[in-house]
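Student: Let's see this in three dimensions:
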Amino acid sequence: MRTRIVFYSAVCVVLGASAWLLFSHAHWAKSSLPPQASGRATPLLTRTVAATNPAVAPAPASSPSEMGRQQVECSPTVHTIVDDQAGYDLRLAAIETIAGKLDDADREALYAFLRHKSGQDDVQLEQVVKNRLMDVLCALNPPPPGLLDLLTQIHHDPDQNVVLRDYAVQHVAAFYQQMEIATDVDPQDKSNGLAAARKILWDALTETNSSIAGTALLGLTRLARENPEAFDPRQIAGVAEQMAGPATSGELTRITAIQVCAQLNVQDALPVIQAAVQNGQTMTVRISAIGALGSLGGAEVIPLLNSVLQGTEERLKLPAQHALNQIENRLQTQAKSS
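Tutor: Residues are numbered from 1 along each chain as shown. This next block holds a predicted model:
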């Protein structure tokens, strides 16, 4: 999904606009595109993923033989979607018309397009097209046959662009939500599909060196809010606390885990988060940790935040002041109610 945010974007993330950490998610995957690409306002990111310095110029077009797509009698709409030489806006508009049950030829053509690895996959606009197509497929009721297998294949394929692998994990959570409410599905098939989706999300937590573990953690957190019987919030909180530490996680996973700890009020994570404020591996990690203290901390973390305000690192002072304001307001409210 995307380009790496610069520093002041990270500040905004921590202060409450966290478009890629806190998941204001309509199907988990509204993608950004450069404003110059369409002339429309840039939609909000749901999540920023690793390898996020996509090319701004289109990659060389793939020939039909390079695309390796089967010659199938798909509809004109689907042909437009899978044609990487068609206009970007035209392809997106075609995706929006997908509704109801797909016939076999259209479904297989769309799956082949998503599964196929191409030089175009490194281009941000192509990532947006594939992401939006996953959105629409996961929103069909019921989800089309083989969709979860397709997402699993993309996620498990190390040769796929990591952005698209991350999208696939995002959409496993979206698939789960839709399968839960799907009609006209055999009960055993539904049960098997939900169990398989849960396993994929838990297994994806092991990919801590990219954004994928954080994406899976956010998906599990969201699903636990909706169905705590199927997703134990305490187990998810324990995973988030572990990932918030420096030993097992890369930067993106650690930032996400810190924010999930704040969302779930994981008080046991406070020592790890305070340590991240002082010596997080990047400035973004430190800012994320400061923001989490504002949500989790009490009087015990005020000295640390004051020391940040009195320090020499100007980039930390704005989030530290905001966190202090949050804590002081919370303490005042508690005092009035006691």
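Student: all helices in the stretch 1-150 of the chain, in order from the N-terminus.
Tutor: Taking DSSP state H, counting those that start in this stretch as the criterion, the stretch 1-150 of the chain contains helices spanning 7-12, 64-67, 76-82, 88-96, 104-115, 124-139, 147-156.
Student: ranking these by burial, who's on top?
Tutor: helix 124-139 (a mean of 23; mean count of other CB atoms under 10 Å). Every residue, glycine included, has its C-beta placed from N, CA and C.
Student: picking up where we left off before, closest one to G280 among the helices of the stretch 1-150 of the chain?
Tutor: Comparison of the helices of the stretch 1-150 of the chain against G280 by CB to CB identifies helix 7-12 as nearest, at 11.6 Å.
Student: Show me what the mean pLDDT comes to for the closest one.
Tutor: Taken as a whole, helix 7-12 carries a mean pLDDT of 41.
Student: where does the stretch 101-250 of the chain have low pLDDT?
Tutor: Scanning the stretch 101-250 of the chain with the threshold set as pLDDT under 70 gives 248-249.
Student: at 90 what do you get?
Tutor: 118-119, 183-184, 209, 246-250 (pLDDT under 90).
Student: circling back to that earlier point, so can I have CSV of the helices of the stretch 1-150 of the chain showing distance to K190?
Tutor: Formatted as CSV, the helices of the stretch 1-150 of the chain follow (distance: least, CB to CB, whole Å):
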stretch, distance to K190
helix 7-12, 40
helix 64-67, 34
helix 76-82, 27
helix 88-96, 26
helix 104-115, 19
helix 124-139, 15
helix 147-156, 11
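Student: and of those helices, who's closest to Q170?
Tutor: For these, proximity to Q170 was assessed by CB to CB; helix 124-139 is nearest, at 7.9 Å.
Student: Report the separation between G214 and Q281.
Tutor: Using CB to CB, to the nearest Å, one gets 15 Å for the distance from G214 to Q281.
Student: Comparing those two, which residue is more hemmed in?
Tutor: G214 (34 against 13; other CB atoms under 10 Å).
Student: wait, isn't that one in contact with I258?
Tutor: No. Using CB atoms under 8 Å, G214 is not in contact with I258; the gap is 10.0 Å.
Student: can you give me the mean pLDDT across stretch 317-324?
Tutor: Over the span of stretch 317-324, the pLDDT mean works out to 97.
Student: residues of it that come out buried?
Tutor: K317, L318, P319, A320, H322, A323, L324 (16 or more other CB atoms under 10 Å).
Student: Show me what the one helix or strand the fifth one maps to is packed against.
Tutor: I take that to be H322. Element membership for H322, per DSSP states H and E: helix 317-337. The helices and strands touching helix 317-337, judged by 3 or more CB pairs under 8 Å, 6 or more residues apart in numbering; DSSP states H and E, are helix 283-296, helix 302-309.
Student: okay, the angle between the last one and helix 283-296?
Tutor: By that I understand helix 302-309. 140 degrees (axes from the mean of the first three to the mean of the last three CA atoms, to 10 degrees).
Student: could you pull out the helices for the stretch 151-300 of the chain?
Tutor: Ranges of helices in the stretch 151-300 of the chain, per DSSP H, counting those that start in this stretch, are 162-181, 187-204, 212-226, 233-243, 251-263, 270-279, 283-296.
Student: ok, the nearest residue to G193 once chain neighbours are set aside - contacts?
Tutor: Nearest non-adjacent residue to G193, counting by CB to CB, 6 or more residues apart in numbering: M179, 5.1 Å away. Shown in contact with M179 (CB atoms under 8 Å, 6 or more residues apart in numbering): P142, P143, V185, K190, G193, L194, A197.
Student: so can I have JSON lines of the residues you listed showing distance to T77 and neighbour count?
Tutor: Formatted as JSON lines, the contacts of M179 follow (distance: CB to CB, whole Å; neighbours: other CB atoms under 10 Å):
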{"residue": "P142", "distance to T77": "21", "neighbour count": "18"}
{"residue": "P143", "distance to T77": "19", "neighbour count": "21"}
{"residue": "V185", "distance to T77": "25", "neighbour count": "15"}
{"residue": "K190", "distance to T77": "28", "neighbour count": "14"}
{"residue": "G193", "distance to T77": "27", "neighbour count": "22"}
{"residue": "L194", "distance to T77": "30", "neighbour count": "17"}
{"residue": "A197", "distance to T77": "28", "neighbour count": "24"}
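Student: closest to L114 among these?
Tutor: P143 (13.7 Å).
Student: Do I have it right that that closest one meets A182?
Tutor: Yes. Between P143 and A182 there is a contact under CB under 8 Å: 6.5 Å.
Student: Tell me which residues are up against stretch 234-250.
Tutor: Identification of contacts with stretch 234-250 by CB under 8 Å, 6+ apart yields 205, 208-210, 213-214, 217, 220-221, 224, 253-254, 256-258, 260-261, 264, 266, 268-269, 272-273, 275-276, 280-281.
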